[in-house]
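> Provided below are the primary sequence and the corresponding predicted coordinates.
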Amino acid sequence: MGITAIGAAVIASRQHTSLAWLATWGVEAAIAVVIAAWSTFTKMRASGASLLSGPGRRFVYSFAPPLLVGALLTAVLAPMGLTVIPGIWLLMYGTGVTTGGVFSIRVVPLMGLCFIVLGAVALFSPASWGNALLGVGFGGFHMIFGAVIARKYGG
């Protein structure tokens, strides 16, 4: 997911309209969902666990609402301008990862908090920094924390 997010940040930075920018990040979100679903399904199947029971279900119930709120805020705010959208996305994703991560390994909520801090920075940064900050968060944080999780926790 991190590599595709960095690619999306580069592509989005070259878009000339708000709609094209949103479409770029929308496609990236869809790709990220597919990657996350596939990797989660593969890991759950290998461990014999079920996503629909126990910690998996609690993670989804905690993770999904902030993402839904982020999507709704995007739908309402995007017609007014995209300047706050990167901050909102980073904040809401970070909230979802933090709350969902309570049911996971210790490093996951830490990753969520890093997204929240970056989202706060994005809200108060120049709009021209949006793609770079999204690339750092969705690209860099996923690669860094993914490497830590793979090394320390086996994936």
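The structure has been received and is ready for your questions. Residues are numbered from 1 along each chain as shown.

> burial of L90, as a residue count?
By the measure other Cβ atoms under 10 Å, the count of residues near L90 is 28. Placement of C-beta: from N, CA and C, glycine included.

> using the three-state scheme, assign the nearest residue to A127 once chain neighbours are set aside.
The shortest distance from A127 to any non-neighbouring residue, by Cβ to Cβ, 6 or more residues apart in numbering, is to T83 (4.2 Å). Following DSSP: H, G, I helix; E, B strand; the rest coil, T83 is assigned to coil.

> I'd say T83 and S125 touch.
No: the pair formed by T83 and S125 falls short of the contact definition of Cβ atoms under 8 Å, at 9.7 Å.

> any idea which residue is closest to the centre of this structure?
Y93 (4.9 Å; Cα atoms, centre = their mean).

> does it sit in a helix or strand, and which one?
In the assignment (DSSP states H and E), Y93 maps to helix 85-101.

> one more: A64?
Going by DSSP H and E, A64 is part of helix 55-77.

> who are the packing partners of that helix?
Counting contacts by 3 or more Cβ pairs under 8 Å, 6 or more residues apart in numbering; DSSP states H and E, helix 55-77 packs against helix 85-101.
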